[in-house]
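here is my input, please return the structure:
(one chain, ligands or ions: 1)
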Amino acid sequence: MAAGADRGGERPLNPPPHVYSTTGLDRCTERRGDAEWLAARRRDPATLVLPMAGLRVPVEEGPDGPKARLVPLAGLAPQLSEDGVFLGLLGGRPVFAWSRESEAPGRVATVELRSVGSLLPRRDAGLLAYARALMYWHARHRFCGACGGATRATQGGHVRMCRACGLEVFPRTDPAVIVLVTSGDRCLLGRSARFPPGMYSTLAGFVEPAEGLEDAVRREVTEEVGLELLQVRYRSSQPWPFPRSLMLGFRAEAAGRELRIDRDELEDAAWFTRRELGAAEPPVRLPGADSIARFLIEEWLLEG
Ligand SMILES: [Zn+2]
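Residues are numbered from 1 along each chain as shown. Have a look, this model is predicted:
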């Protein structure tokens with residue numbers, strides 16, 4: 001699809017709340033500590049389950065395209081084991097994610113979330129992203145970071161507790177900044193060696209310990225392309241559970257245009273005009289329609 005194909009209206013592609021944000025689900029945090037209530041929900045045939053295979057998520061084809069496949073517990077098992085993670089209430093019905101390593105419970109078909117993210121209803125994309133993030137966390141926190149003892153899931157799967165020393169650990173989310181750098185009618189896009197062929201995107205990097213977001217933006221841009229920034233302005237955020245980031249989107253105006261590219265970080269970086277990126281056949285491939293990177297670019301294009 002050409003970059004300009006969706007630009008007929010006033011709304012940019014993937015506007016906030018961005019794809020993978022939770023919408024339409026009551027996370028019901030106050031229920032996580034109610035062991036009796038949770039145990040009853042784990043036996044309730046009407047409880048809805050997202051049957052996952054590792055990090056792969058259940059998706060089926062609906063009349064309007066792919067959608068999340070939610071299966072009543074009665075169709076899968078008489079009861080849900082302790083490793084089923086409570087996600088919340090959807091239209092008043094409890095929803096759990098339940099994962100098996102090689103094959104989803106009930107032999108339900110599963111896919112990689114990013115292969116369908118932008119095609120799913122927003123509610124479903126958010127639900128599956130939430131489930132994927134929690135399953136990734138569980139799979140990598142089976143042992144205590146303090147004493148090495150085995151941990152077990154508690155609080156509906158939102159806490160893991162060490163069986164030996166009692167340490168509690170909570171799901172982690174890593175903040176990462178992502179920024180569209182502009183200079184007048186041009187914006188800066190870079191290309192990492194990890195990207196698909198021809199793709200250029202906004203600059204991004206993880207926030208370091210004891211670092212503010214604006215400072216992280218300035219550091220990343222200076223490190224990667226040698227530019228100083230004038231003002232740095234927050235735009236919006238996007239959950240990015242691949243595997244556990246929260247993307248914090250910014251716009252920044254550069255103090256100059258001369259680039260000093262760090263070739264360890266980027267294969268290339270270049271300035272592009274609105275006319276170039278908005279053309280029917282832009283000179284580079286833009287990031288995926290499910291990404292906040294794409295939103296930051298499309299929002300800027302609409303301002304021209
Ligand atoms: Zn421990």
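
gap between stretch 52-63 and the chain center?
Using C-alpha atoms, centre = their mean, to the nearest Å, the distance from the centre of stretch 52-63 to the centre of the chain it belongs to is 16 Å.

give me the contact list for that stretch.
Residues from elsewhere that reach stretch 52-63 (C-beta atoms under 8 Å, 6 or more residues apart in numbering): 50-51, 66-71, 97-104, 108-113, 116, 120, 128, 131-132, 135-136, 139, 243. To be clear about C-beta, it is placed using only N, CA and C from the backbone, and glycine gets the same treatment.

swap the cut-off to 7 Å and go again
Residues from elsewhere that reach stretch 52-63 (C-beta atoms under 7 Å, 6 or more residues apart in numbering): 50-51, 66-69, 97-104, 108-113, 116, 128, 131-132, 135-136.

kindly report the same for stretch 218-231.
Under the criterion C-beta under 7 Å, 6+ apart, residues 177, 179, 181, 188, 190, 203, 205, 232, 252-256, 259-262, 265-266, 269 lie in contact with stretch 218-231.

quick one on the thing from earlier: give me the buried subset of the contacts of stretch 52-63.
50-51, 66-69, 97-99, 104, 108, 110, 113, 116, 128, 131-132, 135-136 (16 or more other C-beta atoms under 10 Å).

what's the pLDDT at M1?
Note on M1: pLDDT of 37.

how about the closest residue in space to P78 that isn't next to it in sequence, secondary structure?
Sequence neighbours aside, R43 is the residue nearest to P78 in space, at 7.6 Å (criterion: C-beta to C-beta, 6 or more residues apart in numbering). In three-state terms, and counting by DSSP: H, G, I helix; E, B strand; the rest coil, R43 is coil.

on the three-state scheme, the closest residue in space to W240 that isn't next to it in sequence is what?
Using C-beta to C-beta, 6+ apart and skipping residues adjacent in sequence, the residue nearest W240 is M247, 4.8 Å away. Three-state assignment for M247 (three-state DSSP): strand.

of the contacts of stretch 218-231, grab the buried ones for PyMOL.
Provided next is the PyMOL selection string for whichever of the contacts of stretch 218-231 are buried by 16+ other C-beta under 10 Å:
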select buried, resi 177+179+181+188+190+203+205+232+252+254+259+261+265+266+269
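
so which strand or helix has the nearest residue to R41 once chain neighbours are set aside?
Take R41 and drop its neighbours on the chain: the residue closest to it by C-beta to C-beta, 6+ apart is P94, 4.5 Å away. Following DSSP states H and E, the helix or strand that holds P94 is strand 93-100.

beta partners of the residue nearest to R41?
L89 (DSSP bridges).

and the residue nearest to T47 when sequence neighbours are not counted, how many residues sit next to it?
Spatial nearest neighbour of T47, excluding adjacent residues (C-beta to C-beta, 6+ apart): L73 at 4.3 Å. By other C-beta atoms under 10 Å, the residues close to L73 number 23.

thought L73 was touching V49?
Yes. Look at L73 against V49 with C-beta atoms under 7 Å: they come within range, at 5.5 Å.

so what sits against both of the two?
Shared contacts of L73 and V49, counting by C-beta under 7 Å, 6+ apart, come down to L80.

just grab the bridge partners of the residue sitting nearest the centre point of the chain for me.
In the chain, the centroid-proximal residue (C-alpha atoms, centre = their mean) is W240; its distance is 1.7 Å. Judged by DSSP bridges, the bridge partners of W240 are S245.

nothing else from me, thank you.
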